[in-house]
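Trainee: Provided below for reference: sequence and predicted model.
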Amino acid sequence: MQLIKQLSGPGAASVGVLGLAISGTVWNFYGVQFGLSGTVASLLALSLGLFLLRPLPLEQETATEASSLTEESTTTDMAVADASSDVAKPASVLTTAEAIALELAAEAEQRPAALLVNYAPEHLLAGKNLPSRKRQPGPSLQRYRTMTNELFKS
């Protein structure tokens, strides 16, 4: 029964959309009588589908949300207590994350500094060695020239 409830909304919406597409085609080829009734039926199916697709508030979710809020408040109280007890821990006890962070920091200090210099900056200037001669018109311009000459003869 739950599966039928879940599939009825998308199914009705799909029937409505496809019905609108088909009724438009029917309207064009068979006239207003058939097309109008198909359009109305499709709009009803689409509105039913949209109605069934609306989100429903669940009573179980509200109960679990209330219990999770109380659990979160107790865990935050425990986290505050743990944070204060972390100060009292001896320095020799490290968590895995702290040990990894210390290793990464040591590796970063041992690496040489990166040099941000190009290998050949004089050869990387764009357009430095390109020829810059003046462009000349080609043979494709001849038709345009003859047309403009004919226009301005008079």
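Mentor: Thanks, I have the structure now. Residues are numbered from 1 along each chain as shown.
Trainee: can you pull out the helices in this structure?
Mentor: Taking DSSP state H as the criterion, the chain contains helices spanning 2-30, 32-52, 59-87, 96-110, 142-151.
Trainee: could I get those helices as a markdown table with mean neighbour count and mean pLDDT?
Mentor: The way it works is simple: take the backbone N, C-alpha and C, and place the C-beta from them, glycine included. Below are these laid out as a markdown table (neighbours: other CB atoms under 10 Å; pLDDT from 0 to 100):
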| stretch | mean neighbour count | mean pLDDT |
| --- | --- | --- |
| helix 2-30 | 14 | 84 |
| helix 32-52 | 15 | 84 |
| helix 59-87 | 9 | 51 |
| helix 96-110 | 9 | 93 |
| helix 142-151 | 10 | 90 |
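Trainee: Distance to residue 132 for these - can I get that in TSV?
Mentor: As requested, these are exported to TSV (distance: least, CB to CB, whole Å):
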stretch	distance to residue 132
helix 2-30	59
helix 32-52	65
helix 59-87	69
helix 96-110	48
helix 142-151	26
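Trainee: Ok, which of those comes nearest residue 135?
Mentor: Closest approach to residue 135 among these is made by helix 142-151 (15.5 Å; CB to CB).
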